[in-house]
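Participant: got a predicted model here, sequence first, then my questions.
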Amino acid sequence: MSDEMDEIWALYLDDGTQSLDQMEAALLALQEGGPETAGEHVSALFRAVHTFKGNSRVLGLAVVESRAHVAEDLIGLVRDEGVPLDDEILEILLYAGDILREMLEQTSASRADVDPAGSEDLMTQMRDKVARCKGETGAGAPAEAVAVAEEPAAAAAPEPETVVPAAPPIAGMSAALSQMDQLGGSWGEQEFDEDNDDDASEAPQTVDETPEPEPEPAPAPAPAPVVEAVAPAPSPEQDTRPVQMASKRLIDDPSYRDIFKGMSDGAITKFRGAMSSFASDANGAIAIAKREADNLHHAAKQMGLQEWVLVLADFMQANLDDHSIVVEKIASLVLRLEELTLLDLTDGGAQLLPAAEGGETFFDRVKYPLAQLSNAGVSWALGDAPDATTLAEHVAAVREAAEARGLIRVADAVGRLNDAKSAKDFRNSELRLYEELAAVERVLEDEAAASSVSPTELLRHWCAEHAFDTLAALDAALDGMKKSVDLDAQYSNFARQMRLIFHACIHHKLDTAGQLSMSLIDLFGRVQTSGSAPDSILMHIARGFIDTIELVFDALEQGEIPDTQSLDILFEQASNAAFTQEGLMTATAIERRLNLPEDFHRVLSPESVKTASAAIEARHNFYIIRADINDKEDLAEKFLEWISADNVKSITNVTVFRNADTLFDFLVSTPMDQSEVIASMAEMDPSGKYLAVQQVLEDSNAEMVTSTVQAVEGDQPVNQGAGLTTEMLESISEVAASQAMVNHMLSDLSEISLEETIETAFKIAEQDPEQGRAMIRSVVSQFSAKLQEAVQVETQLVSQMAHLQEQTVAIRSRPLEMLIRPLEALVETISRKSRSEAKLTSSGGNMSIDVTLMEHLRKMLRIMLTHRLNMPERAPSNIHMSFHRDDERVLVTLEDDGKGIEDENLVTSLAAQIHATSSELRQIVLPGGKGMRYHISMPLSMVVLEGMVVGVGGIRYVIPVDTIQTIVQPSLEAIRSISAANGRRMLRMDDGKMVSVQFLNEKSSRDLLGDANGKRRVFVVLGVGEKSLAVPVDELLGQQLVLLRPLRGVLRHMRNLTGIALLAGGEVGMVLSTNALIVDTVDAA
Amino acid sequence: MPHNVMIVDDAAMMRLYIASFIKTLPDFKVVAQASNGQEALDKLADLPSVDLILLDIEMPVMDGLEFLRHAKLKTRAKIVMLSSVAVSGSPHAAKARELGADGVVAKPSGTVSHDLEEKAGDELARVMRSQFATA
């Protein structure tokens, strides 16, 4: 024991020195450093003092702890409350550092707490500053002085010049601690006065021994006289108020509560130590117990904790000379104090408040039996099972009180305590009872407050204390779900433990985390009802929550600021889980896209989102229709029939409260235009009173593509657009989340050791074939299920990628009008300079091309126009530009009436652009030299293409949708070999037309008519003008918007291809050139 | 014996839809309806035999969450939220769970979901039955 204590004290000295060094270093850095590093140093400062305080508390050094505590409060104001770190604070804290260092050395040497008197000045300075920073006192008024003024005895004080020089009035824990120190060992010499003004009566004992504090710089209220004989005359105002109500109670101050809590914990530890050492040193143990009880008793009186005072007084009055009862008495005291630690401090110690007006409240009635029940629980946990009869009596008391108020759930819950078979059972039932009581408190808040009882606080406190155990249990429940072992029980356990974590979160004021825990209960609860195991999305969110909140609780325990950022992300994921599980666009994306009024934001279900997405896809119109139909059955029926018809889709609706009436706003989509909708409304409601189109909504994405036409200066680059839109960011997040899930699932899969399990199964099968087969079936089925799940999430990921790609493509696309307008301005400007009047006209400007291509084109046209307009001789006065596009190239023609002459200089100027875009330029002199025509042919690099993705011989091809005439699955007879065309295969269409068949690769030419299973092949019939050809494909993989990239390097010369495209699933698709295919196939034939 | 159900919803059409759906479930019977939380509390006092309450959230006079707060003290009836704002994982669903809702089901198409039976009927029936399977 002695060795251990030596070690502990050595550790205390070592840690304490380190903490104080860190404190000093942080303070010096703050004095010298700039504001950019201040936050970091303040955090370090806080941590150092917090650690020092905690270590002091562990060793029961209440005075040291109290000084560190107030220093920590002061730093906390700077760190958390935005109080500026001024020189005064720095000086006070440097002073505090010196004092704490002295205390550290002294306590390490003496292994006992220090005399508080030596640090009263520091306390006064720190409290004064804290109070001023909080704005609790008048300018410069010391906090303690104010507290004195609030004490009844002090407030009623006679004039300062009365008899005895002032000892510091006992106004707070500091004073209490001061007295305790001097009362140490004064067992039996002191009378325990239950009156509330006993501070005054005890004060004389401090007079001779406590040094007088330094005079305060600011005027302070007169200190309380401490003469027993003179009873202070209360002022008339004070007479009218109950004593406790009139004073600002110490228990209301969280700092004092913390200090008291630290003291009581320290005392309990010492009581336990006394019990242990009683056998070897009875007198020493009794002395320790007496001193601790005395100190704590006094502090409890200061705090106004009457229950504590009674319990401790009871112990102090016991005859401890009878050694046979000492250990029993101490043990009983410890139990009672532990019980009170749980009950009294957390209810704010307000039990001295009078009962609520009108008599005993429900909480008044249950307070005592609840305390006894709690006591029984503590005893049971320590191995002493409660007496069944006594337990039943307390249970009955609570039940009667509950039944009298009709609180049947409380009555049920308390009844379950009688059935507890173990301490653990009892604790669980007790927790459930407290949850019911907390529900009562939510409704009977005033009664609970009047009775100074807060089961909610107790519950939260308990949950916070046991949070790490609860998290471990949660983790185990998730493991159980993963193994699908007794799913229902695992779900219930999960919900139970998560609820306890919710209370712990609220205890720490972690509101988002609390809400997330409840969201998870909801999400898992719904899956439970469906009878299946939670999918990977939910498991991912739940695991993420458990891991994060554990770190958060840990940080809080260490006095650090927790990082709660990932909780926000998880919360977002949980809110969207219902949508991502179904691979849908999120509700937020729909809200933003349609610019939905806020009322609709909460009601978009996955079903609504599905309907809205389909309507957006179909380019329907969106309307909000206000319907006053709640009490008009006929009209309601008509209207609901209308929104259920084929050409109207009801997406969702919300309630609109107008006075006492309930109206509804329906969000509907329909291909009908507004006048048609209004006509329909009029037909149902000729009066026009009950149905009305409230708002017409626009798809903002549709607008985005066409509304970016802006006037751009001729020499300014083409506007690159908004870049990443919020919707795109959201899509990227969804993709990232899905990718994380796929990753998570794949690692799950990789953990399943098929080989090992099957090997084991084989061995078992040698003894018991049936069992071996069952084992293999089970593992394979489990593996398949997980694989299936991964495939589903992967499919969802592909769909999200496709969506993202479409958004990317849309955002890169620009109408050529953006290019024309600035060029018109350029022509005007140059011609004005040369005093001519040149005009630029154009056609085909409504065509859209990729922004990069447009930028190249802009530069080329600008060079050409500048060159032509600056010609020294016969500059053009009329210029016309025209734009065309096929599925492979952009064709631009520039024609003017200037001098007809080919110019190599112009070609040189355009060389860089021509090369970069693989374009071609032709110059044509118009007949008679009356003008010039330039042809620019640019390959459609980075063009947006609506493509049909097909698979042929294991390769993905993209066919431009606008060149597809039809898709057929012909019979054997429809395929002909035409000898006149060198045995070329032809496809006979339904209308009798013969179409050449073109194989895309060698592999595809095999099994022309179908595969080995007799499945007939699919032919995609392509056409340009009158010419068609049929391409046999193995599979049709769907239609998607793709971004076409040009072929570069050696690939440039590949036949029949326009370029390549990155497909949604990450594969590369070869983009077919229908033109080239037709030339190759049809023209050759 | 079928379980007795009370429907609490301010939309008259929705009460009709719900009642009509419950008629298709032989193990449940509608014994009372109310158009807001206060009316439901009043009726509940006279109807101790209610086993299950289907409760909307957004209602005038007293909303569903406030009703839940009060009713959870005084009835043993199971309370299942059926509301357009109770999409799974949403803040309203979380609040309802916090206040002790025994089950939560989202209306599929808003306050008045004419497609309740078609789109959420199976789920609602499962949630209702699970209240008594685990009791």
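Facilitator: Noted; the coordinates are in hand. Because the structure is predicted, anything quoted here is derived from the model rather than measured.
Participant: in chain B, which spans are strands?
Facilitator: Remark: strands assigned in chain B by DSSP state E are B:3-8, B:28-34, B:52-55, B:78-83, B:103-106.
Participant: tell me which element residue A:890 falls in.
Facilitator: strand A:889-896 (DSSP states H and E).
Participant: just list what the helix or strand just after that strand packs against, helices and strands only.
Facilitator: The first helix or strand that comes after strand A:889-896 along the chain, using DSSP H and E, is helix A:904-917. With contacts defined as 3 or more C-beta pairs under 8 Å, 6 or more residues apart in numbering or on different chains; DSSP states H and E, helix A:904-917 has these neighbours: helix A:851-869, strand A:920-925. (Glycine included, C-beta is placed from N, CA and C.)
Participant: next one: stretch A:283-296 to chain centre, how far?
Facilitator: Distance of stretch A:283-296 from its chain centroid, counting by C-alpha atoms, centre = their mean, to the nearest Å, is 50 Å.
Participant: buried residues in it, which are they?
Facilitator: Residues of stretch A:283-296 classed as buried by neighbour count (16 or more other C-beta atoms under 10 Å in any protein chain shown): A:285-296.
Participant: can you narrow these to ones near chain B?
Facilitator: Among those, not one lies near chain B by C-beta under 8 Å from any C-beta of the partner chain.
Participant: what's the helix or strand for the nearest residue to residue A:391 once chain neighbours are set aside?
Facilitator: Computed as C-beta to C-beta, 6 or more residues apart in numbering or on different chains, the closest residue to residue A:391 that is not its neighbour in sequence is residue A:376, at 5.7 Å. Assessed by DSSP H and E, residue A:376 sits inside helix A:362-381.
Participant: on that earlier part again, report the strands that pair with the strand holding residue A:890, each with its relative direction.
Facilitator: Paired strands of strand A:889-896, with direction, are strand A:878-885 (antiparallel), strand A:932-939 (antiparallel) (DSSP bridges).
Participant: determine which stretch of the ones you listed is the most buried.
Facilitator: strand A:932-939 (a mean of 20; mean count of other C-beta atoms under 10 Å in any protein chain shown).
Participant: quick one: that one to strand A:920-925, angle?
Facilitator: 170 degrees (axes from the mean of the first three to the mean of the last three C-alpha atoms, to 10 degrees).
Participant: next one: the closest residue to chain B within the stretch 1-150 of chain A from residue B:80, what distance?
Facilitator: Residue nearest to chain B within the stretch 1-150 of chain A: residue A:80 (26.7 Å; C-beta to the nearest C-beta). According to C-beta to C-beta, to the nearest Å, residue A:80 stands 42 Å off from residue B:80.
Participant: how many other residues sit next to residue 53?
Facilitator: Let's take chain A. Residue A:53 is flanked by 26 other residues according to other C-beta atoms under 10 Å in any protein chain shown.
Participant: nope, chain B please
Facilitator: 27.
Participant: what sits against it?
Facilitator: B:5-6, B:8, B:40, B:44, B:71, B:75, B:77-80 (C-beta atoms under 8 Å, 6 or more residues apart in numbering or on different chains).
Participant: quick one: it from chain A, how far?
Facilitator: Noted for residue B:53: a distance of 14 Å to chain A, by C-beta to the nearest C-beta, to the nearest Å.
Participant: beta-bridge partners for that residue, please?
Facilitator: Judged by DSSP bridges, the bridge partners of residue B:53 are residue B:6, residue B:79.
Participant: per-residue confidence at it?
Facilitator: We have a pLDDT of 97 for residue B:53.
Participant: and residue A:1030, by the same measure?
Facilitator: 91.
Participant: just checking, it is part of a strand?
Facilitator: Yes: remark: residue A:1030 belongs to a strand, assigned using DSSP: H, G, I helix; E, B strand; the rest coil.
Participant: surely it and residue A:997 touch.
Facilitator: Yes: judged on C-beta atoms under 8 Å, residue A:1030 makes contact with residue A:997 at a distance of 5.0 Å.
Participant: more neighbours, these two?
Facilitator: residue A:1030 (27 against 22).
Participant: so how far is residue A:1074 from that one?
Facilitator: 12 Å.
Participant: repeat that for residue A:555.
Facilitator: From residue A:555 to residue A:1074 the distance is 63 Å (C-beta to C-beta).
Participant: neighbour count winner among these two?
Facilitator: residue A:1074 (24 against 14).
Participant: number of nearby residues for the nearest residue to that one once chain neighbours are set aside?
Facilitator: Spatial nearest neighbour of residue A:1074, excluding adjacent residues (C-beta to C-beta, 6+ apart): residue A:963 at 3.9 Å. Using other C-beta under 10 Å, residue A:963 has 21 other residues around it.
Participant: right, I'll leave it there.
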